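>>> Here is a sequence with its predicted model. Questions after.
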Amino acid sequence: MKMIELELENIGGLRGEHNLTLKEGLNIIEAPNATGKTSIINGIRSLILPSEDIKNQRHFLNLMVKDGKVSAKINNEKFVREIHEAGGNLFVSGDSLFEADIKADVLAVAQRGNRLLNLVSQGESLKSVLDEFSDSRYYESGAQILKWKQNAILTELKNYREEQRKLEEYRNQLKELENEKQKLEEEQNQLERIPEASASDMLKKQRELRELNEKRTTRKIEIQNLKNRLDDFKNDIKESRRLEEYYEKQIEDFSQRHPDIDKEIKEIDNDISELMKQKSEVQTEQRMISIMLEESRKNLSEAHKLGVDECLACGNKSFSRADAEIRVRDLEKKYSELTKIIGQINIEIEQKRITIDSLQEERQKIKTEFYKNLNDVRQNLKFKENARKKTINEISSNEKMLKELEEEINETEEGFNETILSLMQEHEDLRYRMGVNDGEIRRTQEAINESADVTGVVQKSEKKYEFLGQTITYMQNKAKSISDELIRYFNTKIHEVYQKLDFKDFEKIYIDSNTFEINIIRKTNGNPIRQPISSLSDSERNTIGIISMLAGKEQFLPNFPLFVLDAVTTDYDDTRFNSIISYLVENVTYVLVTKLSPYETTSGLTIKHKF
């Protein structure tokens, strides 16, 4: 008999080692909730999935450990996969049990997290799943890459066309500049010649006048700078006088306050004298208490030695030793109180002396600071006044020189020949315009030379863009053809599985080739009506999902020997459940189904085999 012997160590909720055997036919795992049914399924999945797809499945490994293992023995051949957790990810070593890899997990393990089941149940597109079973995704990816490249070429082409447009503008501009140059040369030929001697004299005078004008401009700037400086001096002097008045007032206020400080110091001195007097009186009283205390202690000691119960100082028999002890304690208490009073008086005396020192220090500091500030302000004021006078003299001197320059400029201007000067100006303007024209022609010609080959580049780019467009269209059509063919085969298998299951709920179940969504046709009163999958019950949607998995398995994994139903048929009636199980047992070597059982009737996890 064919069988698969499984060994699981620290997988999911199963801590430690667990062994079970899957036999040919139907295998039913019965157990209450949270006892390891799904952990066994995840163990099987860890033998199927590629290593990179297990990396993020942290729940495959028991949360309390770092290492686990799954092994399967089939026909004396053993497959082992070891799992290690690091940094929240799982790392797997060992070969997978079947080469079907991710396809088997999608098409042969029906559990609530299955992607195909979820997409069908939610009425969403199945494209992401179907792409894994055909080459259409490679053509689509290739088409997308070519589109990106085509867009890049289009951007370049736009830039080249803009350069081509500018090239045409440069050529038109060059023609205009050459026409303008011809006109300027004709204008130069027609312009009256200037006598050489007159031109030389005019140039000399013109140069002298230019120099004089530059000197006049420099002198005006100097005068304006001096006036600005004079305004600054005025503001500084005004501020210095304000500070002078401020410090003089502060000194005056301090002088008025000075007697008050002296008076305060004198009052504090009187307070200190009074406190010293109080201290002396307390000390005198304390000395008397000390003498009395010493005598009382002596008498009490003698009374204890002699064993008498009377006052040894006065012979009073009514004065007992107990009375003497009370008197000693009272004198000690009085002495301690006087000591505290002396300490408090000393503290008050020290605080008042500190206050006197502070007042004297403040008085001296304020007086010194005020006089220093006042002296600084007055020195600064004197410096600003002198600088102001010096600046006024400089302004006067520069204004005098400016006046002399104005007179010299007027004399020079009177010596000009206006006719010759006007003619010279015309010649000068013409030379300038011809120079500008030559520069523009040179720059325009350089721009034309730089862009001379742009037309050939544009033609090449246009051909390349067109070729990419044709290639993209081909790849998109190829992807669509492959996808349509895949869906056609898939739909054929869905119909075949549905017929084999002998279900009568729907007229037709198929995948739409445009939306990749499952469509349902149901007959109502003899008329076929398209019904959205969202309107179906949970069990109906689940059934369509399982039918889609079975169709996919027959189409793409016909030799895959295992199919798992994990907690996805709990709400099925017996007829529907038995139809699916019968189909599976007939078409799949090993069928594994999980079944929930109550705690009262099941002690733990058990596996039953049926053929």
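Arrived safely, thanks for sending. Keep in mind it's a predicted model, so treat the numbers as computed, not measured. Numbers count the residues shown, from 1 in each chain.

>>> alpha carbons only for contacts and neighbour counts from here, please
Fine.

>>> Give the other helices and strands that the helix or strand Y510 falls within contacts.
Per DSSP states H and E: Y510 is located in strand 508-511. Applying 3 or more Cα pairs under 8 Å, 6 or more residues apart in numbering; DSSP states H and E, one finds that strand 508-511 contacts helix 454-501, strand 518-524.

>>> how about a cut-off of 10 Å?
Contacting strand 508-511 under the criterion 3 or more Cα pairs under 10 Å, 6 or more residues apart in numbering; DSSP states H and E are the following elements: helix 454-501, strand 518-524, strand 527-531, helix 538-556.

>>> quick one: what helix or strand has the closest residue to R115 other than its chain neighbours in it?
Nearest non-adjacent residue to R115, counting by Cα to Cα, 6 or more residues apart in numbering: V106, 6.6 Å away. Using DSSP H and E, V106 maps to helix 101-108.

>>> What strands flank whatever helix or strand comes next after that helix, and is each parallel or antiparallel?
Downstream of helix 101-108, the first helix or strand assigned by DSSP H and E is strand 109-110. Sheet pairing for strand 109-110, assigned by DSSP bridges, gives strand 562-565 (parallel).

>>> can I get the helices and strands packed on strand 508-511 in JSON lines with distance to I347?
JSON lines is the format used below for the helices and strands packed on strand 508-511 (distance: least, Cα to Cα, whole Å):
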{"stretch": "helix 454-501", "distance to I347": "101"}
{"stretch": "strand 518-524", "distance to I347": "99"}
{"stretch": "strand 527-531", "distance to I347": "102"}
{"stretch": "helix 538-556", "distance to I347": "93"}
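
>>> re the thing from before, got the contact list for the residue nearest to R115?
V106 makes contacts with 49, 113-117, 129, 549, 552-553, as judged by Cα atoms under 10 Å, 6 or more residues apart in numbering.

>>> E132 versus that one, what's the distance?
10 Å (Cα to Cα, to the nearest Å).

>>> try R576
Distance from R576 to E132, by Cα to Cα: 30 Å.

>>> Also E302?
118 Å.

>>> Likewise for E185?
Relative to E132, E185 is positioned 78 Å away (criterion: Cα to Cα).

>>> Also S39?
Distance of S39 to E132, computed by Cα to Cα: 26 Å.

>>> So between these two, which is more surrounded?
More neighbours surround S39 than the other of S39 and E132, with 21 against 12 (other Cα atoms under 10 Å).

>>> Could you find the closest non-adjacent residue to the more buried one?
G12 (4.8 Å).

>>> doesn't H18 make contact with the one you found?
No - counting by Cα atoms under 10 Å, G12 stays clear of H18, with 11.6 Å between them.

>>> Find residues that contact each of these two.
Here G12 and H18 share the contacting residues I40, scored by Cα under 10 Å, 6+ apart.

>>> Of those two, which one has the most company?
Just comparing G12 and H18: by other Cα under 10 Å the higher neighbour count belongs to G12, 23 against 14.

>>> What residues does that one make contact with?
Counting by Cα under 10 Å, 6+ apart, G12 touches 36-43, 58-64, 68.

>>> go with 7 Å
Contacts for G12 (Cα atoms under 7 Å, 6 or more residues apart in numbering) come out as 39, 59-62.

>>> bridging residues for K69?
E9, E82.

>>> Check the burial of it by counting its neighbours.
Neighbour tally, K69, other Cα under 10 Å: 22.

>>> what pLDDT does it get?
According to the prediction, K69 has pLDDT 93.

>>> right, so the helices and strands packed on strand 508-511: which one is the most enclosed?
Neighbour counts (mean count of other Cα atoms under 10 Å) averaged over each of the helices and strands packed on strand 508-511 peak at helix 538-556, with a mean of 21.

>>> same for that one, what does it pack against?
helix 101-108, helix 115-121, helix 454-501 (3 or more Cα pairs under 7 Å, 6 or more residues apart in numbering; DSSP states H and E).

>>> Comparing the ones you listed, which yields the minimum mean pLDDT?
Among the helices and strands packed on helix 538-556, helix 101-108 carries the lowest mean pLDDT (a mean of 82).

>>> Any idea how far that helix is from the middle of the chain?
40 Å (Cα atoms, centre = their mean, to the nearest Å).

>>> cool, stretch 329-340 as well?
Using Cα atoms, centre = their mean, the distance between the centre of stretch 329-340 and that of its chain works out at 74 Å.

>>> Tell me which residues of that stretch come out buried.
331-332, 334-335, 338 (16 or more other Cα atoms under 10 Å).

>>> and if you look at stretch 576-588?
Applying 16+ other Cα under 10 Å to stretch 576-588 flags 580-581, 584-585, 587-588 as buried.

>>> Equivalent analysis for stretch 441-454, please.
441, 444, 448, 451, 454.

>>> Look up how far E362 lies from the third one.
In this structure, I448 and E362 are 86 Å apart, going by Cα to Cα.

>>> what does the last one give?
When Cα to Cα is the yardstick, V454 and E362 sit 88 Å from each other.

>>> Tabulate the buried residues of stretch 441-454 in TSV, adding columns for distance to N172 and secondary structure.
Output for the buried residues of stretch 441-454, formatted as TSV (distance: Cα to Cα, whole Å; DSSP: H, G, I helix; E, B strand; the rest coil):
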residue	distance to N172	secondary structure
I441	11	helix
T444	10	helix
I448	11	helix
S451	14	coil
V454	17	helix
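
>>> just checking, N491 touches D512?
No - if you go by Cα atoms under 7 Å, N491 and D512 don't touch, sitting 9.2 Å apart.

>>> Could you list the single helix or strand in this protein with the lowest mean pLDDT?
Counting by mean pLDDT, DSSP states H and E, the chain has its least confident helix or strand at helix 418-450, which shows a mean of 76.

>>> for that one, packing partners?
helix 136-190.

>>> Run through the neighbouring helices and strands of the helix it packs on.
Judged by 3+ Cα pairs under 7 Å, 6+ apart, helix 136-190 is in contact with helix 418-450, helix 454-501.

>>> That one vs helix 454-501, what angle?
160 degrees (axes from the mean of the first three to the mean of the last three Cα atoms, to 10 degrees).

>>> by how many degrees do the longest helix seen in the chain and helix 418-450 diverge?
Ordering each helix of the chain by length in residues (DSSP state H) puts helix 196-306 first. Inter-element angle recorded for helix 196-306 and helix 418-450: 70 degrees (by the same axes, to 10 degrees).

>>> where does S39 land in three-state SS?
Secondary structure state of S39, per DSSP: H, G, I helix; E, B strand; the rest coil, is helix.

>>> Low-confidence ranges, the stretch 51-200 of the chain, go.
98-101, 191-200 (pLDDT under 70).

>>> How about residues contacting stretch 447-459?
So stretch 447-459 is contacted by 157, 160-161, 164, 167, 170 (Cα under 7 Å, 6+ apart).

>>> Quick check: end-to-end length of that stretch?
20 Å.

>>> Can you get me a residue count around I291?
Other residues near I291 come to 12 when the count uses other Cα under 10 Å.

>>> Renumber starting at 62 from here on
Sure, I'll start counting at 62 from here, so that last one is I352.

>>> confidence score at it?
85.

>>> what's the helix or strand encompassing T400 packed up against?
Using DSSP H and E, T400 maps to helix 382-475. Counting contacts by 3+ Cα pairs under 7 Å, 6+ apart, helix 382-475 packs against helix 257-367.

>>> okay, the angle between the helix it packs on and helix 382-475?
180 degrees.

>>> Can you tell me which helices and strands helix 257-367 packs against?
Applying 3+ Cα pairs under 7 Å, 6+ apart, one finds that helix 257-367 contacts helix 382-475.

>>> thinking again about what came up before, in a markdown table, list the buried residues of stretch 637-649 along with secondary structure.
Shown next, in a markdown table, are these (three-state DSSP):
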| residue | secondary structure |
| --- | --- |
| I641 | helix |
| I642 | helix |
| L645 | helix |
| V646 | helix |
| N648 | helix |
| V649 | coil |
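
>>> My assumption is that E91 lies in a helix; please confirm.
No - per three-state DSSP, E91 lies outside any helix segment and is strand.
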